[in-house]
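Peer 1: Here is a sequence together with a model predicted from it:
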Amino acid sequence: MKLAFVYNPRNPYLCGMRYNANWERFFLRALPSVADVTMYASDDELDVAPHAGEHDAWVFFGKTEWELPPRLRGVDRIRAPKVCCAGDAHRRDKMSVAYGATERECCEKWGFDAYFFQHSPSYFHRFYPADWTYWWVPFGVDERLYARFTPFARRRKDKVLLTGALGQEFYPLRTALAGRPFVHHEPPGSYQGFDCYVPGRYARDDYPKLLNQWAASVASGYSVLCKHFEVPAAHCLTFLHVEDGGDLLGFVDGVSAVLVTRESAEERIGEFLSEPGDPIWEEIARNGRAHVLANFTHRRMAERLVARIRSLL
C-alpha cells in the first residue's frame with residue numbers, strides 16, 4: 001500500500017522534543033516498516049495537489065496548524081481516502097488560529113473519511129458524531145526498549161510508582177493518590193511553548209529505566225493511554241485503571257494486571273504492600289508484560305492501522 005503522511009515537523013510529538021516518544025516511533029518508524037510511506041512535512045506552506053493521485057490513501061497527523069502545515073493547500077484535490085489521527089477528542093471546540101476554525105470545523109474542512117487514535121470509540125463519539133468512522137488504534141510500545149528488565153526481586157516494594165500529569169478533570173485517581181505516603185509520584189516534563197518541552201528526569205527512552213526500579217506502578221487515565229501498555233511491558237505489577245475503554249485492553253484481573261476503580265485502588269494497593277513477597281505479584285507482572293509484547297507493539301498497531309485503511313479502498 002502506498003500511503004502519504006502529512007505533518008508539521010515542528011510538532012513536539014514528532015520532532016523529538018516531547019517527553020513521550022511513542023507518536024514519533026509509531027508514525028516515523030513503525031508505519032513505514034509495514035507500508036510504502038511518503039512523508040509530506042512542512043512547518044509553513046505545503047501544496048499536496050501535485051501529488052493528489054500518487055497514493056492509495058493519505059494519513060494526516062491531526063487537523064490543526066501545530067499538527068499540520070499552517071498553510072496547507074490542495075487537500076480538496078485528493079480523491080483517495082483521507083484518514084486523520086484524531087488526538088484528544090475533548091479538544092473539539094479549541095480554535096485553530098491559522099485555519100480560523102475549531103478542531104471539529106477543521107475536520108469538516110478537510111473532509112476526512114475516517115479517524116483513529118488510542119482513546120476508546122465511546123470516548124471519541126462522546127464529542128464527535130456517531131456516524132463518523134473511528135478506529136481504535138493505540139500506539140503500543142517499542143519492544144526493544146523493554147527487552148531487558150530488572151528482576152522483580154531486586155525492585156523497590158516499599159511504595160508503588162505513579163507517573164504522569166495530575167488534574168481532577170482527566171486524572172482524578174492519579175491526583176487522589178499522588179499525595180499518599182505509600183505512593184511515589186514522578187511528574188512528566190513540562191510544556192513551555194509550541195515546540196518546546198522540558199523533559200522530566202525519565203523522558204523518552206529513559207522511561208523504562210524508571211519503571212524498572214519499581215515492582216508495582218499505577219497506570220490510570222480517562223481513556224486508553226500509552227501508560228497502560230508501557231507500565232506492564234516493563235514487568236511492573238500494574239494497578240490498571242481506565243475510566244472509558246478498559247475492556248479493549250484484554251487484561252484479566254488477578255492474572256495480567258490488578259484492575260482497580262477510584263474506590264478500590266487504595267485497598268488493592270494495600271494488599272500488595274502488606275505482603276509484597278507473595279509470588280503471585282511477580283506472576284501477574286510477568287503475564288502483563290507478555291500480553292503487551294504479544295499484542296500491543298508499535299509494529300502490530302501500525303499493521304492494524306494499515307488493515308483498517310485497506311477496508312476503505
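Peer 2: Received it, and whenever you're ready, just let me know what you need. Numbering: from 1, shown residues only.

Peer 1: Let's check: the centremost residue of this protein is which one?
Peer 2: Nearest to the mean C-alpha position of the chain, counting by C-alpha atoms, centre = their mean, stands Cys226 at 3.9 Å.

Peer 1: can you tell me how far Ser274 sits from Arg180?
Peer 2: Ser274 sits 15 Å away from Arg180, going by C-beta to C-beta, to the nearest Å. No exception for glycine: its C-beta is placed from N, CA and C like everyone else's.

Peer 1: Looking at those two, which one has more neighbours?
Peer 2: Arg180 (15 against 8; other C-beta atoms under 10 Å).

Peer 1: contacting residues around the more buried one?
Peer 2: Applying C-beta atoms under 8 Å, 6 or more residues apart in numbering to Arg180 gives the contacts Glu266.

Peer 1: Just to be sure, it is in a helix?
Peer 2: No - if the criterion is DSSP: H, G, I helix; E, B strand; the rest coil, then Arg180 is coil and not within a helix.

Peer 1: wait, is Thr238 part of a strand?
Peer 2: Yes - under three-state DSSP, Thr238 falls within a strand.

Peer 1: about what we covered before: surely the residue nearest to the centre of the chain touches Ala21?
Peer 2: No - using C-beta atoms under 8 Å, Cys226 is not in contact with Ala21, being 9.6 Å away.

Peer 1: got a pLDDT number for the closest residue in space to Pro70 that isn't next to it in sequence?
Peer 2: Residue nearest to Pro70 in three dimensions, not counting chain neighbours: Ala98, with 4.1 Å by C-beta to C-beta, 6 or more residues apart in numbering. With respect to pLDDT, Ala98 scores 83.

Peer 1: Repeat that for the one 4 residues further on.
Peer 2: Per-residue pLDDT puts Thr102 at 95.

Peer 1: Likewise for Ser274?
Peer 2: In this model, Ser274 carries a pLDDT of 97.

Peer 1: And Pro188, by the same measure?
Peer 2: Reading off the model, Pro188 has pLDDT 76.

Peer 1: again with Arg201
Peer 2: 67.

Peer 1: what about the helices in the stretch 151-300 of the chain?
Peer 2: 172-178, 207-211, 227-233, 265-274, 279-295, 298-310 (DSSP state H, counting those that start in this stretch).

Peer 1: ok so, going back, settle this for me: the residue nearest to Pro70 is touching Lys63, isn't it.
Peer 2: No - Ala98 lies out of contact with Lys63 (C-beta under 8 Å); the separation is 11.3 Å.

Peer 1: Nothing else from me, thank you.
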